[in-house]
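> how would this look folded up:
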Amino acid sequence: MADDHTDDHTHRHLEASELGEMDARVRALETLLVERGLIDPDALDKIVETYEHEVGPHRGAQVVARSWTDPEFRAWLLRDASAAVAAMGYAGRQGEHLTALENTPERHNLVVCTLCSCYPWPILGLPPVWYKSPAYRAKAVRDPRGVLADFGVELPATTSIRVWDSTSEQRYLVVPMRPEGTDGWTVAELAGVVTRDSMVGTGLASNPGAQANPRVDDRPAAGARGGSG
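Numbers count the residues shown, from 1 in each chain. Below you'll find the predicted structure:
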């Protein structure tokens, strides 16, 4: 038993040495709480698995798609997003105090959490790694148009960009503009062109007829890797 404990401790130590500073701190805290019997690692794994496989951006896509086809629901979503989303069965922890932000030709909304990684888990799942990176958090505030360029998005000069700082008391869902050429589409079809990034504001809804925008992976955008803006 002692050898097993030692091997496990060594494995965790080596694993932690490969993590970033914040992730290493979280892992160390988790290890301490587990060793003291204050949390169950299996329960934590179950929570992560749920958010990775059962809860995710497909929920938010359903919300956005419905708002595109149902004017009354859209008005409700923009007025009281928490209630509108809960009515679709997507309420839960980290999803309280939700505000929907409508993109228009005149204004584009971009969400960031400058302090940590506050994110509407019940409708978008776990935040991607780039969302939590210091580079993204800093550049989103300093140079939002540059951040969009990092993600391959170029907006007209006439479109203003508003940056919203997500907090533990207030989270945001961006409602992207509905792509042209989608008249008569069902909610399910429309949900297929709503990307995760479009609901954070770092992307746009996919164009119909073209291959859906590849889902941005968990790497930070090129200009948000810590280099100059």
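> Where do the strands of this structure begin and end?
With DSSP state E as the criterion, the chain has strands at 98-102, 107-112, 160-165, 171-175.
> Just want the angle from the second one to strand 98-102.
Looking back up the chat, that one is strand 107-112. On the basis of axes from the mean of the first three to the mean of the last three Cα atoms, to 10 degrees, strand 107-112 is oriented at 140 degrees to strand 98-102.
> List of residues touching strand 107-112?
When contacts are defined by Cβ atoms under 8 Å, 6 or more residues apart in numbering, strand 107-112 is touched by residues 101-103, 131, 136-137, 140-141, 144, 147-148, 155, 159-166, 172, 174, 200-202. Where C-beta positions appear, they are placed from N, C-alpha and C, glycine not excepted.
> now swap in the first one and tell me
Outside of strand 98-102, the residues within contact range by Cβ under 8 Å, 6+ apart are 67, 77-78, 81-82, 84-85, 109, 111, 120, 123, 162, 164, 170-175, 201.
> That one - what's its average pLDDT?
Taken as a whole, strand 98-102 has a mean pLDDT of 97.
> Also the second one?
Averaging pLDDT along strand 107-112 gives 98.
> That one vs strand 171-175, what angle?
140 degrees.
> Listing partners with orientation, what would you give for strand 107-112?
Strand 107-112 pairs in its sheet with strand 160-165 (parallel), by DSSP bridges.
> quick check: mean pLDDT across the strand it pairs with?
Across strand 160-165, the per-residue pLDDT values average to 98.
> Enumerate residues external to that strand that contact any of its residues.
So strand 160-165 is contacted by 101, 106-114, 140-141, 144-145, 148, 155, 172 (Cβ under 8 Å, 6+ apart).
> Where does the prediction get shaky in the chain?
In the predicted model, the chain carries pLDDT under 70 at residues 1-23, 25-27, 29-30, 33, 38-39, 41-55, 92-95, 209-229.
> can you map out the helices along it?
2-17, 21-35, 41-53, 57-69, 71-79, 81-87, 121-124, 129-132, 134-142, 144-150, 187-191, 196-200 (DSSP state H).
> counting contacts, what elements does the fifth one pack onto?
Right, the one you point to is helix 71-79. With contacts taken as 3 or more Cβ pairs under 8 Å, 6 or more residues apart in numbering; DSSP states H and E, helix 71-79 sits against helix 57-69, helix 81-87, strand 98-102, strand 171-175.
> Single out the most deeply packed of those.
Neighbour counts (mean count of other Cβ atoms under 10 Å) averaged over each of the helices and strands packed on helix 71-79 peak at strand 171-175, with a mean of 24.
> Okay, now the sheet partners of it, with direction.
Strand 171-175 has these strand partners (DSSP bridges): strand 98-102 (parallel).
> With only the CA atoms kept, save the strand it pairs with in CSV.
In CSV, the C-alpha atoms belonging to strand 98-102 read as follows (Å, rounded to 0.1, in the frame of the first residue of the first chain):
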residue,chain,number,x,y,z
LEU,A,98,-27.0,35.1,-17.8
THR,A,99,-27.3,37.9,-20.2
ALA,A,100,-27.8,37.5,-24.0
LEU,A,101,-25.9,39.9,-26.3
GLU,A,102,-27.3,40.4,-29.8
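> Next, the angle from it to helix 71-79.
With the same axes, to 10 degrees applied, the angle from strand 98-102 to helix 71-79 works out at 120 degrees.
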